[in-house]
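1. here's a sequence, model it:
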Amino acid sequence: RFLLKALDLFWHEDCLKCGCCNCRLGEVGSTLYTKADLILCRRDYLRLFGNNGLCSACSKVIPAFELVMRARNNVYHLECFACQQCSNRFCVGDRFYLCDNKILCEYDYEERLMFASMAYNPPNFAHLKLQTSHLP
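-> Got it, this is the predicted structure:
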């Protein structure tokens, strides 16, 4: 019944669909996204490429055909999805943490927490000084 204009072409309503979820783009809004010859709805574009289509670790472009890893709003190349402190790659089932917009392994996250708590609550070494002053 209606024709939609997108990418300087005219489309039947049933023909203009998202390349991922196959939703009819005319029904989900007035915006569509394209990358590497894919036509995508907003939700799938953000799910696949994040806000800007760049890897959150290396800041390089993520190709449309490439599988990615996500942590909240951050998107990563598979090879970039590693602890940004020690560079260890994650295995299936490993815990990771997003801290200050960086991915950390469990060990480095806990170490960062320990140092942060020491900075705010420095240990009291006065009792050790008194004990060592009485040694022969």
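
2. burial measure for residue 76, as a count.
-> 20 (other Cβ atoms under 10 Å). Every residue, glycine included, has its C-beta placed from N, CA and C.

3. what helix or strand does it sit in?
-> Residue 76 is part of strand 74-77 when elements are defined by DSSP states H and E.

4. for residue 103, same thing?
-> Taking DSSP H and E as the definition, one finds residue 103 inside strand 102-105.

5. what about stretch 34-45, how long is it end to end?
-> For stretch 34-45, the first-to-last residue distance is 8 Å (Cα to Cα, to the nearest Å).

6. so which bits of it are buried?
-> Of the residues in stretch 34-45, 35, 38, 39, 40, 41, 44, 45 count as buried by neighbour count, 16 or more other Cβ atoms under 10 Å.

7. torsion angles phi and psi at residue 68?
-> Backbone geometry at residue 68, expressed as degrees, to the nearest 10, gives phi -130, psi 170.

8. next: residue 79.
-> Here is the backbone geometry of residue 79 (degrees, to the nearest 10): phi -70, psi -20.
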